[in-house]
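Asker: Generate a structure from the sequence data that follows.
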Amino acid sequence: MSARAEKIVSAKKVKPKQVVIGFDAEKLKAPILLRCGALLIDYLLLISIPVFSLLLGRYMGDDGAGLLNNEISNAGWLITVLLALTNFLIFPMINGQTIGKMLTGLSITTLDGKDPRIGSLFLRHFIGYPLVLLTGGLGFFVSLFNSKGRALHDLISKTMVVYGQQTVKKTITRKKVRKKKSKGSKK
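Answerer: Sure, this is the predicted structure:
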């Protein structure tokens with residue numbers, strides 16, 4: 001008697017490769033006012049948490065230095081920092097959008113239409129945005145003179161913001177190999 005088992009084992013674990021079809025950056029570029037609206041939504045969301053914690057602390061009877069250095073205020077700032085990291089780094093890594101961009105229908109892509117990587121997103125949101133603020137917002141006006149609508153933080157991170165969706169085809173290049181197990185025969 002002999003027993004034989006077969007198991008399909010993948011030779012190499014390969015992630016699906018994204019191929020963007022018909023991506024035209026000039027046709028899909030996001031309008032500057034819509035981009036500013038998305039950023040305003042993100043700002044209002046972030047600033048509302050510490051403001052609410054300060055108002056709650058004031059309602060609880062704190063004032064002056066006690067208002068700024070109490071548990072409620074510290075918790076508010078901690079939640080704000082965690083929300084900022086989630087909104088500006090984790091959400092864009094997952095779907096290319098911050099909460100403001102989700103609500104306005106915008107998304108962040110690379111120049112060829114693919115999803116941006118974590119390094120690009122970090123440069124964009126934590127280096128590029130502060131530089132735009134240091135220039136007094138003039139970094140946004142760069143997008144008016146750019147054919148792809150890219151602002152200063154987009155130029156730094158090699159990204160762009162598009163309005164609409166691009167067609168993405170995912171191809172899987174996974175080879176399957178059959179591996180045979182044989183057991184000896186018993187009589």
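
Asker: Only C-alpha atoms from now on, for both contacts and neighbour counts.
Answerer: Fine.

Asker: secondary structure element for the closest residue to residue 101 other than its chain neighbours?
Answerer: With C-alpha to C-alpha, 6 or more residues apart in numbering as the criterion, residue 101 has its nearest non-adjacent residue at 5.2 Å, and that residue is residue 38. Using DSSP states H and E, residue 38 sits within helix 32-59.

Asker: measure the closest residue to residue 54 other than its chain neighbours to residue 87 for me?
Answerer: Residue nearest to residue 54 in three dimensions, not counting chain neighbours: residue 73, with 5.8 Å by C-alpha to C-alpha, 6+ apart. When distance is defined by C-alpha to C-alpha, to the nearest Å, residue 73 is 21 Å away from residue 87.

Asker: And residue 42, by the same measure?
Answerer: Distance of residue 42 to residue 87, computed by C-alpha to C-alpha: 8 Å.

Asker: Can you work out which residues contact both of those two?
Answerer: Shared contacts of residue 42 and residue 87, defined by C-alpha atoms under 8 Å, 6 or more residues apart in numbering, are found at 98-99.

Asker: Would you confirm that residue 124 contacts residue 150?
Answerer: No - between residue 124 and residue 150 there is no contact, the gap being 11.5 Å when judged by C-alpha atoms under 8 Å.

Asker: list the residues that contact both of the two?
Answerer: Contact criterion C-alpha under 8 Å, 6+ apart; residues shared by residue 124 and residue 150: residue 159.

Asker: if we can go back for a sec, quick one, which of residue 73 and residue 87 is more surrounded?
Answerer: A side-by-side neighbour count of residue 73 and residue 87, using other C-alpha atoms under 10 Å, places residue 73 first with 23 against 20.
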